[in-house]
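S.K.: quick one, fold the following:
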Amino acid sequence: MQFDFSKSPIQNINKLKENYSVDLDIPVKVEKNDWQVYDSKQGRGLIKTYYFQTYKHLVYFFTEIVNELSKTKNIPIIIVSDLEVTIKIESSYLSDITSLEVSISKFVEEIYEDIRYI
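M.R.: Sure thing, here's the model as predicted:
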């Protein structure tokens, strides 16, 4: 969805809510966790680095994130360096963190926690 400059920001946000069936209340306060808030040219986002002991775990983590989030077209920026993966989550539509980014961070966290069972 593109921003419609003929409409107000609230009207554009409401259109996003209709299209994506998510609560886009902004700004969102991030619950206490170890995700960091960062500023970029596009706005604010969430970032976290994960560390893995095996490539099997890293591949599982990466694959699960891409498989699930590709269905919603909300794939975060994923930077892989050896057994370290940094996840950056930014809004594609707004310049601040919304509940969509928070829900993606929670999903990523759940996938990482699942690794101890594989």
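S.K.: and the longest strand along the chain, what does it pack against?
M.R.: When the chain is parsed with DSSP state E, its longest strand is strand 43-51. Judged by 3 or more CB pairs under 8 Å, 6 or more residues apart in numbering; DSSP states H and E, the packing partners of strand 43-51 are strand 36-40, strand 84-90, helix 99-114. Just so you know, the C-beta spots here come from the backbone N, C-alpha and C atoms, and that holds for glycine as well.
S.K.: so which of those is nearest residue 76?
M.R.: Comparison of the helices and strands packed on strand 43-51 against residue 76 by CB to CB identifies strand 84-90 as nearest, at 4.4 Å.
S.K.: neighbouring contacts of the longest strand of the chain?
M.R.: By CB atoms under 8 Å, 6 or more residues apart in numbering, the residues outside strand 43-51 that reach it are 30, 34-38, 61, 83-91, 94-97, 101-102, 105, 108, 112.
S.K.: now the helices and strands packed on strand 43-51 in CSV, with mean pLDDT?
M.R.: Output for those, formatted as CSV (pLDDT from 0 to 100):
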stretch, mean pLDDT
strand 36-40, 89
strand 84-90, 94
helix 99-114, 92
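S.K.: got a markdown table for these, with distance to residue 56 and mean neighbour count too?
M.R.: Below are those laid out as a markdown table (distance: least, CB to CB, whole Å; neighbours: other CB atoms under 10 Å):
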| stretch | distance to residue 56 | mean neighbour count |
| --- | --- | --- |
| strand 36-40 | 27 | 12 |
| strand 84-90 | 13 | 18 |
| helix 99-114 | 13 | 17 |
